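Trainee: My questions are about this predicted structure, shown below with the sequence.
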Amino acid sequence: MARKKYYKYNDKDKKKALNLKKKGYSYREISEELQFPKSTILSWFKNGFENNRNKSGRKKIIDDKKVLDYIKAVRDIKLPINGDDLKQFAKNEFQKLNDQVKNLKPFKASNGWLYGFNKRNKISSRRISLSNNEPNENDIKQFFINLNSQVFELHKVWNMDQVPVNFETPPISTLDFKGKKSIQIKTNGGTKMRLSLILTCN
């Protein structure tokens, strides 16, 4: 007896069902239109329409591609991004999906989800490469020339210390794709500007 062949549903089948639902079709009408079992149609809507599975076999409610596109869009304009940003984005995407398809399985965007997403897509926390202005060699040479030309008396020597306060303090790391050699972020140009509290005595 020949073994029965089973049809494997793909993302195109699910998108067809979702589009019909948006047009006002009932579950029964979608089943009849696509010639798919009604139980299969119901399971798609119940568990998240764009679900696929990760390597462990568990379903993913939020499509990884949407989150990856979000990361790329943010990093393309050189803005930093962290794990909390990704979790909030995923929650927002789930809410949009839940507004279209009611009674989805709850999605919390937990730390476990974030860890799995980062591992699957080779996302890691990268140290930001802040560009520094190269020192002016002429200014350095002139400083030592001026210093050597001075004769200091002890009562004119003061000890000094200072505490800097930066006008802009960017984060030291951001989530980004593995393999990049330079991790840049956009700033307001104040990363090298600071206010100093100076204490002196002699």
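Mentor: The structure has been received and is ready for your questions. Numbering: from 1, shown residues only.
Trainee: Could you count how many residues lie near K119?
Mentor: 12 (other Cβ atoms under 10 Å). Using the backbone N, CA and C atoms, a C-beta is placed for each residue, glycine as well.
Trainee: In which helix or strand does it reside?
Mentor: Using DSSP states H and E, K119 sits within helix 111-121.
Trainee: That helix - contacts with which helices or strands?
Mentor: Under the contact definition 3 or more Cβ pairs under 8 Å, 6 or more residues apart in numbering; DSSP states H and E, helix 111-121 sits against helix 64-76, helix 83-100.
Trainee: closest to K14 out of those?
Mentor: helix 83-100 (12.3 Å; Cβ to Cβ).
Trainee: and the closest one, what's its mean pLDDT?
Mentor: The average pLDDT within helix 83-100 is 87.
Trainee: Just the CA atoms of it, as CSV, please.
Mentor: Extracted C-alpha coordinates of helix 83-100, given in CSV (Å, rounded to 0.1, in the frame of the first residue of the first chain):
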residue,chain,number,x,y,z
GLY,A,83,18.0,44.8,24.5
ASP,A,84,15.1,46.8,26.1
ASP,A,85,14.6,48.6,22.7
LEU,A,86,14.3,45.3,21.0
LYS,A,87,11.8,43.9,23.5
GLN,A,88,9.6,47.0,23.3
PHE,A,89,9.7,46.8,19.5
ALA,A,90,8.7,43.1,19.6
LYS,A,91,5.8,43.9,22.0
ASN,A,92,4.6,46.6,19.7
GLU,A,93,4.7,44.3,16.7
PHE,A,94,2.8,41.6,18.7
GLN,A,95,0.1,44.2,19.6
LYS,A,96,-0.3,45.1,15.9
LEU,A,97,-0.7,41.4,15.0
ASN,A,98,-3.1,40.9,17.9
ASP,A,99,-5.3,43.7,16.7
GLN,A,100,-5.6,41.9,13.3
